[in-house]
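> Quick one, structure for this:
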Amino acid sequence: MSLLEVRGLSKAYGIQNIFNDVSFQIRRGDKVGLIGPNGAGKTTLVRCLLGLERPDSGQVALAPGQRVGYVEQDTGLGDRTLYDELVSAYGDVLGWQADMRRLEAAIAAEQDPGRLDKLMKDYAQAVERFERGGGYEYENTVRRVAFGLGFTADDLTRRTREFSGGQKTRICLARALIRQPDFLFLDEPTNHLDLGMVEWLEEFLQGYSGAVLVISHDRYFLDSVAGRILAMENGSIAEYTGNYSEYLEKKTEKLAAREKAYAKQQAFIAKTEAYIDRYRAGIKSKQARGRQSQLNRLVRLSRPEDVSGFDFFAFNPPAECAERVAELDEVAAGYGAKTVLNGVSLLVRRGDGVALVGPNGAGKTTLLKLLTGDLAPDSGKVKLGSRVRPGYFAQEHETLTDTNSVLDEIMREFAFSEERARHYLGAFLFKGDDVYKLVGGLSGGEKARLALLKLMLTGANFLILDEPTNHLDISAREAVEEAIMNFPGTFLTVSHDRYFLDKVANRVVELDGGQLTEYAGNYSYYRDKKAALAKAAAQAASQAAAVEKKPAAKQGNAAQGQAGSGKGAGWRKPDTARQAKRLEEEIAMLEHELAGLEARLNDPASHADAALSRGLADEYAAKQAELDEKYTAWLELTGE
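Predicted coordinates:
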């Protein structure tokens, strides 16, 4: 059985302890979520597991021959084509293929029987390694995984430098998935992926036969994928069975039990100390000394940490505004000759919490810029209601001053006292000496929290939020959720964080193909409704096809007579389903022929004749190329 075992792992940088005496096991088929605050050491731990960093002590045991795949948050790509980048995952297989070609040439030229026998044995070993490594299937596998992650046949010839940041993340993901490693380590794999791609990845990982260890702050993703949670807490690992929601329940129960045990011990200590003080010099002094000894030996429980992140406070109510907060009326917009939105209409009412979703590149940020006034529509009208005061949260956080301390950023902007500024900052997890940090030295997540706090303190009554939870760890996301849920105004947000959208949104607006579709509920309602609509559409299409098929059979002869050899009035283009079925039959036949050729190639008897072996290899390559073309045509036809 495939097993990765971690025993007593510790790591420190100088005097800073990252983690200490960490132990756990991961078996084949396990789906494990690794969670913890930013800076807790999650990525360092994974790099130690991979051998990319050396731990100070402890061991990582992995059975020989086990393949490991790793997707980092920021992985550099070369300047190869997408196809070459993905094929690079098969470096060892390509090496064995080169060995086969070299040995084939040597076999054809060798005359000495002894050396020929040695070459034949080497060739058989190379073929076996090539086959075991998936050599006969790697080209199809590359295409299947690439198309599954949203790339097209044309994309395979593009240079990797031409792709966007989100597409590069998908390239790294595809490269790791292609070889189906026994252990797959993913560091924030959902960053830069749109919701459709995240859902594809969830489905893929759910059915993945190998083990998966994923670092993620995406709670919805962890709920869908993880069957076990490893939580990094104070330099150690706490292990919980179940997904993220089950982890929350069990952690709450564990904390309650610790608080109860702590309170019980404190009561015992207080009672014992009172007894000792009372009888220290009296007739029961011997018993008092005994109890003192007992108290000295007692292992003191530490006070359970207060894990609540957000300290509730009430925002000052923003100014009242019109019932119709924002309107788009038949708006078209784009950049240059490219139209992004076409005839879009939207109404945002007072008190709404609107989630704007859609694939990357659909125009969500364009719509936000129309509402903020940073972009003028090409046609149609954009209108904000009377007394509406918008506030915009941008991912770049331009509203912050790098040279200010966190405390000064709030005190100077809003003329608050230090006590009041600390009150608000504490609610957004800036506590103790954190308030003296320079803004320029903050992490991306810390800047996001500070920028959102400032936005909410401006008195804006309509918040326009572009990915407000990006770069935030789970505790910070929860703080932002609580703040937005307690915000007494109106907001519209773009976000890929489905857990966040489930908690804060009461309407979902989907932007796709330049058009808007509205759903009156949170993200889960939107997803269920879309699934139901898709199922109903599929059933309707199936029924329509069945109805159309009956008269078509009766009129077949008449239609053929009318069409003749030309394309007359009775001629109809073959439907997609028929073309796909024909291609599937051709693919099945080619795969059957390839299997026969593969058996002959692996037969040692065929290697005795070098010309025959070479001919079989050439025929196999030609059939494989033909199969690849058919497979690509089928994928493009069906949209798989």
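> count of residues packed around Ala544?
10 (other C-beta atoms under 10 Å). (Each C-beta comes from the backbone N, C-alpha and C, glycine too.)
> Pull the distance from the host helix or strand of it to the chain's centre.
In this assignment (DSSP states H and E), Ala544 forms part of helix 523-554. Offset of helix 523-554 from its chain centre (C-alpha atoms, centre = their mean, to the nearest Å): 30 Å.
> From the contact counts, what lies against that helix?
strand 353-357, helix 498-504, strand 507-512, strand 515-519 (3 or more C-beta pairs under 8 Å, 6 or more residues apart in numbering; DSSP states H and E).
> now with 7 Å?
If contacts are counted by 3 or more C-beta pairs under 7 Å, 6 or more residues apart in numbering; DSSP states H and E, helix 523-554 sits against helix 498-504, strand 515-519.
> Most tightly packed of these?
helix 498-504 (a mean of 23; mean count of other C-beta atoms under 10 Å).
> Can you work out which other helices and strands pack against it?
Right, helix 498-504 is packed against helix 219-225, helix 474-485, helix 523-554 by 3+ C-beta pairs under 7 Å, 6+ apart.
> Give me the residue ranges of the stretch 251-400 of the chain where confidence is low.
305-316 (pLDDT under 70).
> Go again with 50.
For the stretch 251-400 of the chain, the stretches with pLDDT under 50 are 308-310, 312.
> And the helices in it?
285-297, 364-372 (DSSP state H, counting those that start in this stretch).
> Quick check on Ala153: phi, psi?
phi -60, psi -40 (degrees, to the nearest 10).
> got the CA positions of stretch 203-213 in CSV?
Provided in CSV are the C-alpha atoms of stretch 203-213 (Å, rounded to 0.1, in the frame of the first residue of the first chain):
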residue,chain,number,x,y,z
GLU,A,203,-14.9,16.7,-9.5
PHE,A,204,-11.5,15.5,-10.8
LEU,A,205,-10.0,15.2,-7.3
GLN,A,206,-13.0,13.5,-5.8
GLY,A,207,-12.5,10.7,-8.3
TYR,A,208,-8.7,10.7,-8.1
SER,A,209,-7.2,7.4,-7.2
GLY,A,210,-4.0,8.7,-5.6
ALA,A,211,-3.5,10.7,-2.4
VAL,A,212,-4.1,14.4,-2.4
LEU,A,213,-2.7,17.0,0.1
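> which of the residues in it are buried?
For stretch 203-213, a neighbour-count test (16 or more other C-beta atoms under 10 Å) marks 204-205, 208, 210-213 as buried.
> Closest one of those residues to Arg67?
Nearest to Arg67 out of those is Gly210 (C-beta to C-beta; 8.3 Å).
> on that earlier part again, of the helices and strands packed on helix 498-504, flag the one that's most buried.
Taking mean count of other C-beta under 10 Å, helix 219-225 is the most buried of these, at a mean of 23.
> Quick one: mean pLDDT for whichever helix or strand comes after that one?
Note on helix 219-225: by DSSP H and E, the next helix or strand toward the C-terminus is strand 228-233. Averaging pLDDT along strand 228-233 yields 92.
> which strands and helices sit next to strand 228-233?
strand 31-35, strand 236-241, helix 244-279.
> Point out where the stretch 451-600 of the chain drops to low pLDDT.
Using pLDDT under 50, the flagged stretches of the stretch 451-600 of the chain are 553-574.
> 70 instead, please
The stretch 451-600 of the chain contains residues with pLDDT under 70 at 549-578, 581-582, 585, 588-589, 592, 595-600.
> what do you get for the stretch 51-200 of the chain?
In the stretch 51-200 of the chain (pLDDT under 70), the answer is 73-76, 166.
> For the most centrally placed residue in the chain, which three-state class applies?
Nearest to the mean C-alpha position of the chain, by C-alpha atoms, centre = their mean, lies Thr190 at 1.9 Å. Judged by DSSP: H, G, I helix; E, B strand; the rest coil, the three-state class of Thr190 is coil.
> So it sits against Leu222, correct?
No. Counting by C-beta atoms under 7 Å, Thr190 does not reach Leu222; the two are 10.0 Å apart.
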